[in-house]
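1. no FASTA, just this:
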């Protein structure tokens, strides 16, 4: 799986679509809903069930990060499955704090 910046992916089990913002430092597998993601141009439609352990959902416009690998992806289309990298759930990236206005 070649996770290059700007590459687009889709879930194999739900409607989620993703864009890679920052590639991982180590090789691995990006997953959504417990299944490996597919390239956006893959003709297959979502089939199967979302794994209950990975059913937190993907939100449109939110960035998801894996701290260990440095992978960062953007939710381009919402879906029922949650994102994971090599089986570890990815977290929503927090907003940068604004400077104090003293």
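-> Perfect, I can see it now. Keep in mind that what you see is a predicted model, and the values were worked out from it rather than measured.

2. Return the distance of stretch 45-53 from the chain's centre.
-> Distance of stretch 45-53 from the chain centroid (CA atoms, centre = their mean, to the nearest Å) equals 15 Å.

3. which residues are contacting that stretch?
-> By CB atoms under 8 Å, 6 or more residues apart in numbering, the residues outside stretch 45-53 that reach it are 10, 11, 12, 13, 14, 15, 33, 34, 35, 80, 81. Just so you know, the C-beta spots here come from the backbone N, C-alpha and C atoms, and that holds for glycine as well.

4. tell me the average confidence for it?
-> Per-residue pLDDT over stretch 45-53 has a mean of 89.

5. from here on, count from 19
-> Fine by me, first position is 19 from now on; the one you just mentioned is stretch 63-71.

6. Endpoints of that stretch, how far apart?
-> Stretch 63-71 has an end-to-end distance of 22 Å (criterion: CA to CA, to the nearest Å).

7. any idea how far the residue positioned nearest the centre of the chain is from residue 119?
-> In the chain, the residue lying closest to the centroid (CA atoms, centre = their mean) is residue 101, at 4.5 Å. Distance of residue 101 to residue 119, computed by CB to CB, to the nearest Å: 35 Å.

8. thinking again about what came up before, ChimeraX command to pick out the buried ones of the contacts of stretch 63-71?
-> The ChimeraX selection below is limited to those of the contacts of stretch 63-71 classed as buried (16 or more other CB atoms under 10 Å):
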select :28,29,30,31,32,51,52,53,98,99
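
9. what pLDDT does residue 87 get?
-> 94.

10. Residue 32 too?
-> 94.

11. Any regions of this protein where pLDDT drops low?
-> Within the chain, the stretches with pLDDT under 70 are 120.

12. All the strands of it, in order from the start?
-> Using DSSP state E, the strands of the chain run over residues 26-28, 35-40, 48-50, 53-54, 56-57, 81-84, 89-95, 101-103, 106-107, 109-110.

13. buried set for the second one?
-> If I follow you right, that is strand 35-40. Quick answer for strand 35-40 (16+ other CB under 10 Å): 35, 36, 37, 38, 40.

14. And for residue 95, nearest residue in space, chain neighbours not counted?
-> Leaving out its chain neighbours, the residue that sits closest to residue 95 by CB to CB, 6 or more residues apart in numbering is residue 35, at 3.8 Å.
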